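Undergrad: here is my input, please return the structure:
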Amino acid sequence: MRGNQLWKIFLLFMFALLTSCATTGEQSSRMSDNDNPNTDLPLYHGQAPYSLSYNEERFKQRLPQDIGEGGKTILVDPNAFAWGAYEDGKLVRAGIATAGAEYCPDEGRPCKTHSGTYRIYKIGGEGCVSRTYPIGKGGALMPYCMFFRDGESLHGSPDQMMAEANISHGCVHMRIPDAEWLSSNFASIGTKVVIRPY
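TA: As a prediction, this is how the structure comes out:
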């Protein structure tokens, strides 16, 4: 019982420290133990370097390899902390994803990402920002945003902000290179987004 309380206090502390987008509040974490240097990727707005230990295969293994649907689909599984891009039902790319938290203390409400099937209705570029967060000011960076439901979006976050925990305000956070790839090479207005329940 005491361990659960300490974990909740730690998450609340980290949530208060880190707020972003129409989501956010992540903690830093190493994402994998396997070396996979990403030193050739550009840094975003002075962020810390990309993790040298990120391994996409780790997240691919957590998702179904075939979902049996035509067209393009982006699947987010908050239980697996993973997203996957599917073309004609086959998994083509995947990565770490952070969804909404059980509770957002700064808003005094639950802020889980809504489960269901949606369509992308708006896509932004590198300069996409939140109108809501930080609360009362807005302006939190959410690069390569892809909105799918009432202000909830898929968007990039620096590697040091990514964790295998659902601690955002409702958006789905992913690595910036992943969000850039999705918004530039895969997603378009109308692309299906499936958020699994958690």
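
Undergrad: low pLDDT regions in the protein?
TA: 1-53 (pLDDT under 70).

Undergrad: which residue lies nearest the spatial centre of it?
TA: Closest residue to the average C-alpha location of the chain: His173 at 1.7 Å, with CA atoms, centre = their mean.

Undergrad: which of the three states applies to that residue?
TA: For His173, the assignment made with DSSP: H, G, I helix; E, B strand; the rest coil gives strand.

Undergrad: distance of it from Ala82?
TA: Here His173 is placed at a distance of 12 Å from Ala82 (CB to CB, to the nearest Å). From N, CA and C alone the C-beta is placed, and that goes for glycine too.

Undergrad: Pro105 too?
TA: Pro105 is 26 Å from Ala82, where distance means CB to CB.

Undergrad: the two: which is more packed in?
TA: Ala82 (23 against 14; other CB atoms under 10 Å).

Undergrad: ok now do the closest residue to that one other than its chain neighbours, which residues does it touch?
TA: Leaving out its chain neighbours, the residue that sits closest to Ala82 by CB to CB, 6 or more residues apart in numbering is Phe59, at 4.2 Å. Listed by CB atoms under 8 Å, 6 or more residues apart in numbering, the contact set of Phe59 reads Ala80, Phe81, Ala82, Trp83, Gly84, Ala94, Gly95, Ile96, Ala97.

Undergrad: I'd assumed Phe59 was in a helix, is it?
TA: Yes - according to three-state DSSP, Phe59 belongs to a helix.

Undergrad: buried stuff in the longest strand seen in the chain?
TA: What stands out as the longest strand in the chain, according to DSSP state E, is strand 90-98. Buried residues in strand 90-98, counting neighbours by 16 or more other CB atoms under 10 Å, are found at Leu91, Arg93, Ala94, Gly95, Ile96, Ala97, Thr98.

Undergrad: so how many other residues sit close to Thr129?
TA: Quick fix: residue 129 reads Val, not Thr. Neighbours of Val129 using other CB under 10 Å come to 16.

Undergrad: which residue packs closest to it, ignoring adjacent ones?
TA: Gly139 is the one closest to Val129 (CB to CB, 6+ apart), at 5.3 Å.

Undergrad: burial of the one you found, as a residue count?
TA: Neighbours around Gly139, by other CB under 10 Å: 12.

Undergrad: before we move on, what about Gln160?
TA: Neighbours of Gln160 (other CB under 10 Å): 17.
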